[in-house]
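Asker: Requesting a structural model of the entry that follows:
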Amino acid sequence: MSVPPNLVTLHPYFKAHPGRLPEIQALLPAFVEKTGSETACCFYEFTALDDQIFCREGYAGASGVLTHLENVGGLLGQLLTMADLTRLELHGPASEIDQLRAPLAHLQPACFTVQCGLGR
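Answerer: Numbers count the residues shown, from 1 in each chain. Purely as a prediction, here's the structure:
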């Protein structure tokens with residue numbers, strides 16, 4: 001897989017409300033289906049540990065992140081009635097992360113900027 005130089009990864013962590021995990025698990029494929037049409041999406045998957053749900057996702061640039069959040073906004077609203085967003089991280093080049101600070105400020109993300117790395 002080729003990694004775009006402007007790759008931004010989004011790392012949301014959710015904690016299911018008691019008894020709601022089966023409903024959440026049933027909703028996750030709808031996120032994947034909706035995200036499948038996004039051309040800036042490089043990868044997208046859900047993982048779980050007990051009642052914690054994590055979405056590993058990467059986009060070509062800040063605009064890809066914003067397009068994704070707009071695209072899945074309705075589904076995210078549903079998810080947030082069944083789970084709490086416990087942490088949100090953004091990782092990427094400073095120039096891309098800076099474009100996301102204001103639009104995502106209400107979510108209080110932890111913003112990590114790339115210092116060095118290797119892509120293939």
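Asker: Please report phi then psi for Gly117.
Answerer: Per-residue torsions, Gly117: phi 180, psi -170 (degrees, to the nearest 10).
Asker: So for the residue of the chain most remote from its centre, what's the pLDDT?
Answerer: Going by Cα atoms, centre = their mean, the residue of the chain most distant from its centre is Gly19, 23.6 Å out. Per-residue pLDDT puts Gly19 at 97.
Asker: With Met1 instead?
Answerer: pLDDT for Met1: 62.
Asker: cool, the one 10 residues further on as well?
Answerer: The model reports His11 with a pLDDT of 98.
Asker: OK, contacts around it?
Answerer: 54-57, 87-91 (Cβ atoms under 8 Å, 6 or more residues apart in numbering). For glycine as for every other residue, the C-beta is placed from the backbone atoms N, C-alpha and C.
Asker: Can you classify Gln115 by secondary structure?
Answerer: Following DSSP: H, G, I helix; E, B strand; the rest coil, the label given to Gln115 is coil.
Asker: burial count for Thr86?
Answerer: By other Cβ atoms under 10 Å, the residues close to Thr86 number 11.
Asker: Return the distance of it relative to Ala102.
Answerer: Using Cβ to Cβ, to the nearest Å, Thr86 is found at 22 Å from Ala102.
Asker: which intervals of this protein have sub-threshold pLDDT?
Answerer: The chain contains residues with pLDDT under 70 at 1.
Asker: What segments of it are strands?
Answerer: 7-16, 41-49, 52-60, 83-92, 110-113 (DSSP state E).
Asker: Adding distance to Leu66 as columns, could you present those strands in JSON lines?
Answerer: Formatted as JSON lines, those follow (distance: least, Cβ to Cβ, whole Å):
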{"stretch": "strand 7-16", "distance to Leu66": "10"}
{"stretch": "strand 41-49", "distance to Leu66": "12"}
{"stretch": "strand 52-60", "distance to Leu66": "9"}
{"stretch": "strand 83-92", "distance to Leu66": "11"}
{"stretch": "strand 110-113", "distance to Leu66": "15"}
